[in-house]
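[1] kindly generate the corresponding structure for this input.
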Amino acid sequence: MKRHPIPERNWSGRVAIVSDVDEADLETQLTEHERSMMATLRLARRRNEWAAARIALKQLAIASGVAERAVDCEIERIEGRPALLVCGSPAPLFVSLSHSRGVSAGMVGAQPVGIDLQEVRSISERATRFFLSDEEAAMLASLAIADRMMHLWAAKEAAWKASAIPLSTLRSVAFTLESEGADALRLRYVSAGRSGSIDTLRLDDDFVLAVAEEGSPASQ
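    I've put the predicted structure just below:
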């Protein structure tokens with residue numbers, strides 16, 4: 001198992017990025033039920049990503065003190081969202097996971113969190129109509145950061161995972177720019193009456209990572 005370094009940020013939650021899990025990792029980190037579920041996935045890369053994301057969350061659960069062993073943890077979907085179970089009971093942590101091109105990311109926090117990992121690739125800016133408002137598209141055009149589309153796409157995905165209503169679209173999340181750096185953005189989002197912050201950052205030359213953490217309700 002490979003753990004990828006993450007630049008220091010002032011997040012209240014914990015983040016891990018994992019890839020290259022092997023058979024020994026699967027035996028020691030996943031439950032028998034999880035290994036059975038993984039076996040139903042057809043593509044080898046998809047199986048690796050699926051396992052790595054769960055292993056990342058399990059390691060974060062141990063680091064957060066809510067579990068002692070990885071095999072005591074499972075990730076299930078409850079009301080459309082991933083949830084961490086420890087010895088069969090819901091843990092007092094919110095969780096989120098993501099994967100892209102063989103690399104997986106996980107996040108845990110005391111408040112709703114969202115994480116998204118995107119491989120850097122070329123995307124036509126005409127695709128903005130699917131996930132950006134007119135105001136956000138204008139903001140995109142003003143950004144100088146490289147791969148700006150990937151930053152805003154990942155930001156929308158992360159905020160949606162943190163706070164949006166299940167089955168809503170990315171356009172249900174609205175955000176505004178707080179600051180722009182050489183390879184990072186800081187945004188504020190509102191979704192379904194909730195608000196929070198988003199950080200995006202470039203990881204090496206291959207990926208953009210976005211981390212969203214819910215704050216106070218938007219009405220306050």
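[2] next SSE after the longest helix along the chain?
    Ranked by number of residues, the top helix in the chain under DSSP state H is helix 44-63. Once the chain leaves helix 44-63, the next helix or strand it forms, by DSSP states H and E, is strand 73-78.
[3] packing partners of the very next helix or strand once past that following strand?
    Downstream of strand 73-78, the next assigned helix or strand under DSSP H and E is strand 81-86. For strand 81-86, the elements it packs on are helix 44-63, strand 73-78, strand 89-100, judged by 3 or more Cβ pairs under 8 Å, 6 or more residues apart in numbering; DSSP states H and E. Placement of C-beta: from N, CA and C, glycine included.
[4] my read: residue 123 touches residue 152, true?
    No: judged on Cβ atoms under 8 Å, residue 123 makes no contact with residue 152 at a distance of 10.3 Å.
[5] the two: which has the busier surroundings?
    Between residue 123 and residue 152, counted using other Cβ atoms under 10 Å, residue 152 has the larger neighbour count: 27 against 13.
[6] I figured that one hits residue 138, correct?
    No: between residue 152 and residue 138 there is no contact under Cβ under 8 Å: 11.9 Å.
[7] which stretches of the protein form strands?
    Using DSSP state E, the strands of the chain run over 2-3, 14-19, 73-78, 81-86, 89-100, 103-109, 113-119, 174-180, 184-191, 194-203, 207-217.
[8] can you tell me the strand partners of the last one and which way each runs?
    In the sheet containing strand 207-217, its partner strands are strand 113-119 (antiparallel), strand 194-203 (antiparallel), by DSSP bridges.
[9] before we move on, back to that, for the helices and strands packed on strand 81-86, give me CSV that also has mean neighbour count, mean pLDDT and distance to residue 195.
    Compiled in CSV, the helices and strands packed on strand 81-86 are given as follows (neighbours: other Cβ atoms under 10 Å; pLDDT from 0 to 100; distance: least, Cβ to Cβ, whole Å):
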stretch, mean neighbour count, mean pLDDT, distance to residue 195
helix 44-63, 22, 96, 24
strand 73-78, 16, 95, 23
strand 89-100, 20, 97, 16
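[10] any chance of CSV for the ones you listed, columns distance to residue 197?
    Formatted as CSV, the helices and strands packed on strand 81-86 follow (distance: least, Cβ to Cβ, whole Å):
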stretch, distance to residue 197
helix 44-63, 20
strand 73-78, 24
strand 89-100, 14
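[11] out of those, which gets nearest to residue 212?
    strand 89-100 (8.2 Å; Cβ to Cβ).
[12] mind showing which ranges of this structure have poor pLDDT?
    216-220 (pLDDT under 70).
[13] the same query, at a cut-off of 90, please.
    Scanning the chain with the threshold set as pLDDT under 90 gives 7-8, 79-80, 122-127, 129, 166-167, 204-205, 216-220.
[14] spell out for me which residue occupies the centre of this protein.
    residue 115 (1.7 Å; Cα atoms, centre = their mean).
[15] skipping adjacent residues, who's closest to that residue in space?
    Closest residue in space to residue 115, ignoring its immediate chain neighbours: residue 107 at 4.1 Å, by Cβ to Cβ, 6 or more residues apart in numbering.
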